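**Student:** Predicted model follows, preceded by the sequence.
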Amino acid sequence: MTTTVDGRDQLVVLGIETSCDETAAAVVVGGRRVLSSVVSSQVDLHARFGGVVPEIASRAHVELLTPVVAEAMLSAGVEPHDLDAVACTVGPGLVGALLVGVSTAKALSLVWDVPFVAVNHLEAHLHAAFLEEPDLQLPAVVLLVSGGHTMLVHWEEMGRYRLLGQTVDDAAGEAFDKVARFLGLGYPGGPAIDALAMDGDPTAIAFPRPMLDNGYDFSFSGLKTAVVNHVRKNPDVATADVAASFQEAVVDVLVAKARRAAAEIGAKALCIGGGVAANSQLRERMLGVCVDDGLQAFLPSRAMCTDNAAMVAAAGWHRFLADGASPLDLGAEPNLRLPVV
């Protein structure tokens, strides 16, 4: 395959993702065309602990990454000499988990004599949009919601981002997990609450809408505490009503702030990304807002909501064209932030 700038649409990038509890590899051409995407989830390993255990995640990545990369290459029908770069998430994430992916990517880069490209996990989630919606219009507002992050991003143009707001305490996904654990619904909490909420009344309990009209930052720790206090004072309350009311409160805040941000900056599109983007109520409400306000909507497939390596390869393609190869002495950065202007 060519490696010239003129042949950018033909650049073949192997992506590797190990920032948390998903071991993933993918092959993507031209930053848009996915030849393969393999994800090995560790959910079953962590479920009995009620959350991700960093040491277990790191050990699982060590065992799983080599066969996952081999499967991605085989499914894509490519050989090492077909690759133009190896891209890997370097942060943010769990440091031990990140190190497994980064060291493997560097080793493959050296052995196969192709450039190594460092990728920011948050930027990769943004690029997931172009994998499924190549005609996405910018500027856009992106609501990135997961177990580790809740942020509103103004995506001005390719590679240029402005942070509008973020959580000041718990991420939305973290709040879902903690409430689900308190209600005895298991792990991961988001899908459990989403499923149970379908049998409940979202207006049954008037939980607070934290910071609803206060800028673009978020806060969900108080809402989590409100759920705990309500259930302790009302032990006979229907769990389905609690789940539906809690979910409604979270979605109300997320949608209201995203809608207001899109109007303020004159966005052409409104996107969601991250694990919480799989929530059915959030997707329905966000789509409704886009229809009402005349915005292009991007709701990723559920496969693209979770951590995956296709989005890493797509972001790596962009970074390779913009910045070239990354130095091999670059390490994992567990607290890496989105590069904003």
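**Tutor:** Received it, and whenever you're ready, just let me know what you need. Residues are numbered from 1 along each chain as shown.
**Student:** Give the bridge partners for Val119, please.
**Tutor:** Thr89 (DSSP bridges).
**Student:** same thing with Glu17?
**Tutor:** Legend: beta-bridge partners of Glu17 under DSSP bridges are Ala24.
**Student:** Where do the strands of the stretch 1-150 of the chain begin and end?
**Tutor:** Listed from the start of the chain, the stretch 1-150 of the chain has strands (DSSP state E, counting those that start in this stretch) covering 12-17, 22-29, 33-41, 85-91, 116-120, 140-145, 150-157.
**Student:** And for the stretch 151-300 of the chain?
**Tutor:** Chain-ordered strands for the stretch 151-300 of the chain, with DSSP E, counting those that start in this stretch as the definition, fall at 160-166, 269-273, 296-298.
**Student:** Report the rounded mean pLDDT for stretch 114-127.
**Tutor:** Averaging pLDDT along stretch 114-127 gives 95.
**Student:** Pull out the buried residues from the helix or strand harbouring Leu321.
**Tutor:** For Leu321, the element it lies in under DSSP states H and E is helix 310-323. Residues of helix 310-323 classed as buried under the neighbour-count rule (16 or more other C-beta atoms under 10 Å) are 310-321. (C-beta placed from N, C-alpha, C; glycine too.)
**Student:** For stretch 231-244, list the C-alpha coordinates in PDB.
**Tutor:** Taking C-alpha atoms only, stretch 231-244 is exported to PDB below (Å, rounded to 0.1, in the frame of the first residue of the first chain):
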ATOM      1  CA  VAL A 231     -34.800   4.400  48.600                       C
ATOM      2  CA  ARG A 232     -33.800   4.200  52.200                       C
ATOM      3  CA  LYS A 233     -36.700   6.400  53.200                       C
ATOM      4  CA  ASN A 234     -39.100   4.500  51.000                       C
ATOM      5  CA  PRO A 235     -38.000   0.800  51.100                       C
ATOM      6  CA  ASP A 236     -41.100  -0.400  49.400                       C
ATOM      7  CA  VAL A 237     -40.700   1.800  46.300                       C
ATOM      8  CA  ALA A 238     -40.700   0.000  43.000                       C
ATOM      9  CA  THR A 239     -37.200  -0.500  41.700                       C
ATOM     10  CA  ALA A 240     -38.300   0.000  38.100                       C
ATOM     11  CA  ASP A 241     -39.700   3.400  39.000                       C
ATOM     12  CA  VAL A 242     -36.400   4.400  40.700                       C
ATOM     13  CA  ALA A 243     -34.500   3.300  37.700                       C
ATOM     14  CA  ALA A 244     -36.800   5.100  35.200                       C
END
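**Student:** re the thing from before, identify, out of the strands of the stretch 1-150 of the chain, the most deeply packed stretch.
**Tutor:** When neighbours are counted by mean count of other C-beta atoms under 10 Å, the highest per-stretch mean among these falls to strand 12-17, a mean of 30.
**Student:** picking up where we left off before, wait, which of the buried residues of helix 310-323 is closest to Ala192?
**Tutor:** Nearest to Ala192 among those, counting by C-beta to C-beta, is Met311 at 24.8 Å.
**Student:** give the contact list for that closest one.
**Tutor:** Applying C-beta atoms under 8 Å, 6 or more residues apart in numbering, we find Met311 in contact with 15, 17, 124-125, 127-128, 131, 304.
**Student:** Check Val69 too.
**Tutor:** By C-beta under 8 Å, 6+ apart, the residues touching Val69 are 14, 16, 25, 104, 108.
**Student:** Verify the contact between the second one and Ala87 for me.
**Tutor:** Yes - counting by C-beta atoms under 8 Å, Ile16 touches Ala87, with 7.1 Å between them.
**Student:** Mutual contacts of these two, please.
**Tutor:** Shared contacts of Ile16 and Ala87, defined by C-beta under 8 Å, 6+ apart, are found at 105, 312.
**Student:** Domain parsing of this protein, as residue ranges.
**Tutor:** Following the TED database, one gets these domains for the chain: 7-127+306-323, 135-304.
**Student:** Relative to Val340, which of the ones you listed is closest?
**Tutor:** When the domains of the chain are ranked by proximity to Val340, the top entry is domain 135-304, at 4.6 Å, counting by C-beta to C-beta.
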